[in-house]
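Engineer: Have a look at this fold, sequence not included:
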C-alpha cells in the first residue's frame with residue numbers, strides 16, 4: 001500500500017507478531033495505534049492489563 005498520507009501511529013500485528021509503522025497490514029490484524037514503537041511492542045501486555053481491569057470493574061459492579 002502506498003498511502004500518500006500514512007498514519008503516523010505504530011501498530012502491533014497479531015498475525016505476524018511484528019510492529020508496523022507507516023505501511024501497515026490489514027486493520028483486522030492490528031492493535032493500535034500506539035505513540036511509539038516500544039509501546040506497540042507491549043500491545044499484548046497492554047490488552048491483557050485492560051481486560052483484567054475491565055473484568056474487575058464488571059465483578060465489582062455486580
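Structural biologist: Cool, got the structure. Note that the coordinates shown come from a computational prediction; the quantities given were computed from them, not determined experimentally.

Engineer: hey, let's count contacts and neighbours off CA atoms from now on
Structural biologist: Fine.

Engineer: per-residue pLDDT, residue 10?
Structural biologist: Reported pLDDT at residue 10 in the predicted model: 96.

Engineer: do the same with residue 4
Structural biologist: 74.

Engineer: any idea which residue sits dead centre in this protein?
Structural biologist: residue 31 (2.4 Å; C-alpha atoms, centre = their mean).

Engineer: Could you look up the SS state of the nearest residue to it once chain neighbours are set aside?
Structural biologist: Among residues not flanking residue 31 along the chain, residue 12 sits closest, at 5.1 Å (C-alpha to C-alpha, 6 or more residues apart in numbering). Three-state assignment for residue 12 (DSSP: H, G, I helix; E, B strand; the rest coil): strand.

Engineer: Apart from its chain neighbours, what residue comes closest to residue 34?
Structural biologist: residue 10 (5.0 Å).

Engineer: For residue 56, see how far away the residue nearest to the centre of the chain is.
Structural biologist: Using C-alpha to C-alpha, to the nearest Å, residue 31 is found at 22 Å from residue 56.

Engineer: rewinding a little: and the residue nearest to the centre of the chain, which helix or strand is it part of?
Structural biologist: strand 30-34 (DSSP states H and E).

Engineer: Could you check how far that strand is from the centre of its chain?
Structural biologist: Strand 30-34 has its C-alpha centroid displaced from the chain centroid by 3 Å (C-alpha atoms, centre = their mean, to the nearest Å).

Engineer: got the contact list for the host helix or strand of residue 60?
Structural biologist: Using DSSP H and E, residue 60 falls within helix 43-61. Around helix 43-61, the neighbours that count as contacts under C-alpha atoms under 8 Å, 6 or more residues apart in numbering are 12, 31, 32.

Engineer: Throw these into a markdown table and include distance to residue 50, thanks.
Structural biologist: Below are the contacts of helix 43-61 laid out as a markdown table (distance: C-alpha to C-alpha, whole Å):
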| residue | distance to residue 50 |
| --- | --- |
| 12 | 16 |
| 31 | 13 |
| 32 | 13 |
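
Engineer: so who does residue 36 touch?
Structural biologist: Taking C-alpha under 8 Å, 6+ apart as the test, what residue 36 contacts is 9, 10.

Engineer: give me that answer again for 10 Å
Structural biologist: 8, 9, 10, 11, 19, 21 (C-alpha atoms under 10 Å, 6 or more residues apart in numbering).

Engineer: That's all I had, so thanks and see you.
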